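Pasting a predicted model and its sequence here:
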Amino acid sequence: MQCVFQADNVVEAELVKGLFEAHGIACHSGGFYLQGAVGDLAASGFAKLWVADEDAGKALALVEEYERGAFQIADDEPADDAD
């Protein structure tokens, strides 16, 4: 297995894990409980995602797209209040 993503927080790790799973990549997450040691450890970067060696290339490509913002949802258009 290879570590392919180090998240800033647990929420980001879960989002990227869901992205992997949506693309058929099995993923193992870890380090979530280390947030309880903040003060003794760095405050971010403890949540990590691992994938099988054969999925690492595909996972890293998805991480690059994620970091470029390819999966962001566009802002909603303002409501037309002309009624």
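Thanks, I have the structure now. Quick caveat: nothing in here was measured; it's all calculated off a predicted structure.

what's the burial count for residue 54?
Here the count is done by other Cβ atoms under 10 Å, and residue 54 has 9 residues near it. Where you see a C-beta, it was placed from the backbone N, CA and C, and this is true even at glycine.

Distance check, it against residue 1.
As for residue 54, its distance to residue 1 is 10 Å (criterion: Cβ to Cβ, to the nearest Å).

Residue 30 and residue 13, how far apart?
Counting by Cβ to Cβ, the gap from residue 30 to residue 13 is 9 Å.

Tell me the residues that contact both of the two, please.
Common contacts of residue 30 and residue 13, defined by Cβ atoms under 8 Å, 6 or more residues apart in numbering, comprise 47-48.

Have a look at these two and say which one is more surrounded.
The neighbour count for residue 30 versus residue 13, taken as other Cβ under 10 Å, is higher for residue 13 (22 against 13).

What strands line up against the helix or strand of the chain with the lowest mean pLDDT, and which way round?
Here the helix or strand of the chain ranked lowest by mean pLDDT, DSSP states H and E is strand 27-30, holding a mean of 90. Note on strand 27-30: by DSSP bridges, its sheet partners are strand 47-51 (antiparallel).

tell me which residues in the helix or strand that the partner strand is followed by are buried?
Using DSSP states H and E, the next helix or strand after strand 47-51 towards the C-terminus is helix 56-68. Neighbour counts over helix 56-68 (16 or more other Cβ atoms under 10 Å) mark 56, 59, 62-63, 66 as buried.
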